[in-house]
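> Sequence isn't available, so here's the structure alone:
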């Protein structure tokens, strides 16, 4: 779900965020005495990234399963459809646990005294993960329906379950596009902050 190189981007972004860590006062000036917890937030986010790495592995495994499932459906192989569907449900359940853990950590980081750029970055990151969760819930429901209801001998039920799988798979793709868009915005923000920091030196 989230590419591993983004961790490097987070670390570089944190470094830039620390360089611009002084908070602005309500009068528009710099309050050098204001408490800044961006470094603490960075530690929490680094921990969240460990959860996201686990999700990336599960996501890659799910890609293989999706292709296998499509082939099993085309072949009307009920045993294979049910087995693969069950594997997919288990994979997504594991990923959901990791994603919820990452979201909780990011929300904890957002509660700290951090600069506006870093807060926006974290909000985009959180939004991306939540959309991924929504996408995978669509796919999990589709796989669960196949696992529990697929019967190639019952053409009416078979066609209904296949159609539901198709619809939910399409929804999965659309929602994942939105998640990737938020993730890209977060990364672009990180690059922009780093560029501004480099130009200011």
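On my side now, so go ahead. This one's a predicted model, so the numbers in the text were calculated from it and none came from an experiment.

> Span of stretch 149-160 from start to end?
End-to-end span of stretch 149-160 (Cα to Cα, to the nearest Å): 10 Å.

> Residue 96 contacts residue 133, correct?
Yes: if you go by Cβ atoms under 8 Å, residue 96 and residue 133 touch, sitting 6.4 Å apart. Every residue, glycine included, has its C-beta placed from N, CA and C.

> quick one, which of those two is more surrounded?
residue 133 (21 against 17; other Cβ atoms under 10 Å).

> Now do the contacts for the more buried one.
Residues in contact with residue 133 (Cβ atoms under 8 Å, 6 or more residues apart in numbering) are 96, 99-100, 103.

> Got the phi and psi for residue 152?
phi -60, psi -20 (degrees, to the nearest 10).

> Now it: closest residue in space, sequence neighbours ignored.
residue 76 (4.0 Å; Cβ to Cβ, 6 or more residues apart in numbering).

> in a strand, that's where the one you found is, yeah?
No: according to DSSP: H, G, I helix; E, B strand; the rest coil, the state of residue 76 is coil, so it is not within a strand.

> Work out the gap between the helix of greatest length in the chain and the centre of the chain.
Longest helix in the chain by number of residues (criterion: DSSP state H): helix 155-200. How far helix 155-200 lies from its chain's middle: 8 Å, per Cα atoms, centre = their mean, to the nearest Å.
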